[in-house]
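Engineer: A structural model of the following input is requested.
(2 chains)
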2 protein chains.
Amino acid sequence: MLTYSLEDRGGLPLYEYLYQRIREDILEGKLAAGERLPSKRALAEHLQISVITVENAYRQLEAEGFLLSRPRRGFFAAPVERLAAAPAVPAAVSRETEEPAWRLDLASGQVDVSRFPVSVWVRLTRQVLSEGGEALLTPVHRQGLPALRQAIAKDLRDRKGMAVAPEQIVVGAGAEYLYLLLAQLLAGAAFAVEDPGYPKIRQVYGKCGAACLPVPLDGQGVDLDALAASGAGVLHLSPSHHYPTGLVTPIGRRQALLRWAEGRDGVIIEDDYDSELRFTGRPIPTLQSIDDGGRVVYMNTFSQTISPSMRVGFMVLPPRLLERYRRELGFYACTVPALDQHVLARFLAGGHYDQHLSRMRKEYRLRRDRVLEAFRASSFAGRIAISEQGAGLHFLLRLDTARSDGELRRRGEALGVRLGFLSEYAARPRPDYAHTLVVNYAGLEAADLPRAMELLAEVFDE
Amino acid sequence: MLTYSLEDRGGLPLYEYLYQRIREDILEGKLAAGERLPSKRALAEHLQISVITVENAYRQLEAEGFLLSRPRRGFFAAPVERLAAAPAVPAAVSRETEEPAWRLDLASGQVDVSRFPVSVWVRLTRQVLSEGGEALLTPVHRQGLPALRQAIAKDLRDRKGMAVAPEQIVVGAGAEYLYLLLAQLLAGAAFAVEDPGYPKIRQVYGKCGAACLPVPLDGQGVDLDALAASGAGVLHLSPSHHYPTGLVTPIGRRQALLRWAEGRDGVIIEDDYDSELRFTGRPIPTLQSIDDGGRVVYMNTFSQTISPSMRVGFMVLPPRLLERYRRELGFYACTVPALDQHVLARFLAGGHYDQHLSRMRKEYRLRRDRVLEAFRASSFAGRIAISEQGAGLHFLLRLDTARSDGELRRRGEALGVRLGFLSEYAARPRPDYAHTLVVNYAGLEAADLPRAMELLAEVFDE
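Structural biologist: Residues are numbered from 1 along each chain as shown, chains lettered A, B, ... in the order given. Next up, the predicted model:
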């Protein structure tokens, strides 16, 4: 008969202790496969515990497959491999690498979130939550909360003159997630991407199995001959402010790209990632708004304008692709939490987003002017040429130097300065990309500028 | 000279009106490509407006590519296609289909969210937001907020005895998103999936280009011979409570599946989607916790236990796959908003999740008992056999009937009753799946039961 000393069970309930001990006996082979266990009543009497306690332990062991029950014959030990010790937390897991603390970081695309109206967001969140938890708990439409899509459509109309139905909008957890959906929606086509361009676009499409064809840019944007020769069926581009060159594609080239798409039954993905941050004049009209053939997928996020940790983006599908999306990908649930969608919808509809954009445009413009001024007044001013379009959170800076980009990077790292180079964004190296820094200035406060220029002077010293 | 009646401009600023009119003239061909525009000064005098106004309009037109500027020669109209009217909101966008209002819906997997402690969530959200907006705006680690991953690791240890390092955890926007990541991480392998099984798993893997091989189940879970014969390198399963059969895979079969994975350098994805909702005894130990060869990816979400609209899931990678993830997919930003991660971390760490689970287990158990009792007392009780494992939010109900599943479905629809059938979850039809309903009972309140049984009696009537 199974005998266990019930005094050794510590704080465990009786049934759980009994379950654990019998499980151990089976795993260690003390109870062999096929061996019959005492009846519940007999074991209960033997151990001086209740039949229910034994019953609960036997049932749990049966549910997990340690015991087999045979009607009117009782419980038998199941055939089970002997177990080594239970695995511990794997020792081989390497720690997460921490970013070094840079004295100056011009390479990371930063956003100044310090001016975000947190108190407004808090108020709207409280308001939504005070309405009974519905917003937290009720599932939203697969393409996104209707109120959010309406607010986005209105914002696109008011600020960019775009004519978009809320039904055309698909809300998703950030640009990368939308790239994943587009790779699936347009599976089978080769994707032309801008060269130079944002490397994550190539990475995500590539991971989804799409062929990515880097197409060079000329002074107006994507080169038409190279695009036609590539054989691509999809073109992904940022015509209003290209990363990292800042190039704005003029209306003539935009029209020619639309004709390309119409001529080969192609699709254009217009990634309008930072067009809100144009500092002078009106926003550049989108490709989507002159697309009379239904060829353009427009996409944007709130990462640059609110915060990268917000993880909300959206795309606008033309009717033909919308039907395909609903048919082939309509099973995907919306990836953005319902609560965040409710709050963002009110933030947009209440005019807070528009206000915040105006403030940030002014703030970034001021910051940019200060940074440009600091460069122009620096000790190396005679050796640099800055190229910028009065938009976005970065500009290009070409340095007259005999050093290679690799040398400059290493010199920077030795001084705690992180530099980004145009050459890093090129799929195919080009000699005229050398010595050109991509300056992400949004993290540079006025007070940091003198020290930043000193550090750069040291890095650039020949 | 260009002449525009400035009185007609409505509320538009002068420069914007001028910009619009010149743009129209170019698009309509009134200003031909190559035609030289009046100098800024001349046009300003002619229209009696300031030079700055003309300058701003010309600069915007230049930025958009409608005008070309030539040094010391002035501005010229660019070659631009004539435009038809700007596209309006597409009329062809079909409205979103609304779910019909069912009188009884047993087919949708519902969750009772009415007992969620919304006030606790609100309090934690306020607390996080009151700490200065950092949580809203500071980017989190790519694998997820460290505090959340620590809280998840602790929860897995406390409630399931799992030994997991927070560094092994990847947080993502729900199960479907995690499937997308796994398809990319394990690209190239064929994926064995349970047949019958949850169709979205097949759909997502298929959309990512993975070959999906449905493997039949026997009374213990995935059939070992069929699995070996399939040639799959990855097995996706829910061993603790299979959907929709409710099957629990016993320890012996679990061990054999691990040996399968070790023998062919394979991977097992343990989708533990509703194991928290086991109503009697202890939770079934996970496959992950007996995996001494580092073959198991464990995944789970908070969709069943908190709310499907929460969109937070996580996976635990064994060391070898963790290294591969960091190397190949480490570029993906975490898809869950930072704020939600902060609040959920506190909800877990503060013991609120555990409390909520205890309450929901009791509530669902009560609800299940009532539903089973209603079926057993129904007029069709003699024609049904219920199969359930005391766990989860659904059970199987086999009906003795001469009607086909299609007939039953149509009879239900005619009465406003939505039924789900086991046969819908099968990749390969099997005659023994017929006449078996998957009853998702979580939405059934006690007060609804009499009417529900009347409706079903009518549907089942022969």
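Engineer: pLDDT below threshold where in chain A?
Structural biologist: For chain A, applying pLDDT under 70 flags the ranges A:83-87, A:91-92.
Engineer: quick one, longest helix in it?
Structural biologist: Among the elements of chain A assigned as helix by DSSP state H, the one spanning the most residues is helix A:352-376.
Engineer: the closest residue to chain B within the stretch 151-300 of chain A: what's it in contact with?
Structural biologist: Among residues of the stretch 151-300 of chain A, the one nearest chain B by Cβ to the nearest Cβ turns out to be residue A:250. It sits 2.0 Å away. Yep, even glycine has a C-beta here, placed from its N, CA and C like the rest. Remark: with contacts taken as Cβ atoms under 8 Å, 6 or more residues apart in numbering or on different chains, residue A:250 is in contact with A:220, A:221, B:64, B:65, B:66, B:78.
Engineer: swap the cut-off to 10 Å and go again
Structural biologist: Neighbour list for residue A:250: A:219-221, A:239, A:284, B:62-68, B:78, B:80 [criterion: Cβ atoms under 10 Å, 6 or more residues apart in numbering or on different chains].
Engineer: which ones among these lie within strands?
Structural biologist: Secondary structure defined by DSSP state E assigns A:221, B:67, B:68 of the contacts of residue A:250 to strands.
Engineer: and the contacts of stretch A:46-58?
Structural biologist: Taking Cβ under 10 Å, 6+ apart as the criterion, the residues outside stretch A:46-58 that touch it are A:1-6, A:13-23, A:37-45, A:66-67, A:69, A:74-75, B:280-282.
Engineer: in the stretch 351-462 of chain A, which spans are strands?
Structural biologist: For the stretch 351-462 of chain A, the strands defined by DSSP state E, counting those that start in this stretch occupy A:384-387, A:394-399, A:417-418, A:436-440.
Engineer: return the most buried member of those strands.
Structural biologist: strand A:436-440 (a mean of 23; mean count of other Cβ atoms under 10 Å in any protein chain shown).
Engineer: I figured residue A:417 hits residue A:107, correct?
Structural biologist: Yes: checked against Cβ atoms under 10 Å, the pair residue A:417 and residue A:107 is within contact range at 9.4 Å.
Engineer: mutual contacts of these two, please.
Structural biologist: Here residue A:417 and residue A:107 have residue A:409 as joint contacts, going by Cβ under 10 Å, 6+ apart.
Engineer: now residue A:213. Nearest residue, chain neighbours left out?
Structural biologist: With Cβ to Cβ, 6 or more residues apart in numbering or on different chains as the measure, residue A:230 is the residue that lies nearest to residue A:213, at 4.5 Å, once sequence neighbours are left out.
Engineer: how much space separates the one you found from residue A:198?
Structural biologist: Taking Cβ to Cβ, to the nearest Å as the measure, residue A:230 and residue A:198 are separated by 18 Å.
Engineer: cool, and residue A:183?
Structural biologist: 15 Å.
Engineer: just want to know which of those two has more residues nearby.
Structural biologist: A side-by-side neighbour count of residue A:183 and residue A:198, using other Cβ atoms under 10 Å in any protein chain shown, places residue A:183 first with 23 against 19.
Engineer: sec struct for the more buried one, please.
Structural biologist: Under DSSP: H, G, I helix; E, B strand; the rest coil, residue A:183 falls in the helix class.
Engineer: how many residues are close by the closest residue to it other than its chain neighbours?
Structural biologist: Taking Cβ to Cβ, 6+ apart, and ignoring the residues beside it in sequence, residue A:183 has residue A:208 as its nearest neighbour in space, at 3.5 Å. Taking other Cβ under 10 Å as the criterion, the count of residues near residue A:208 is 24.
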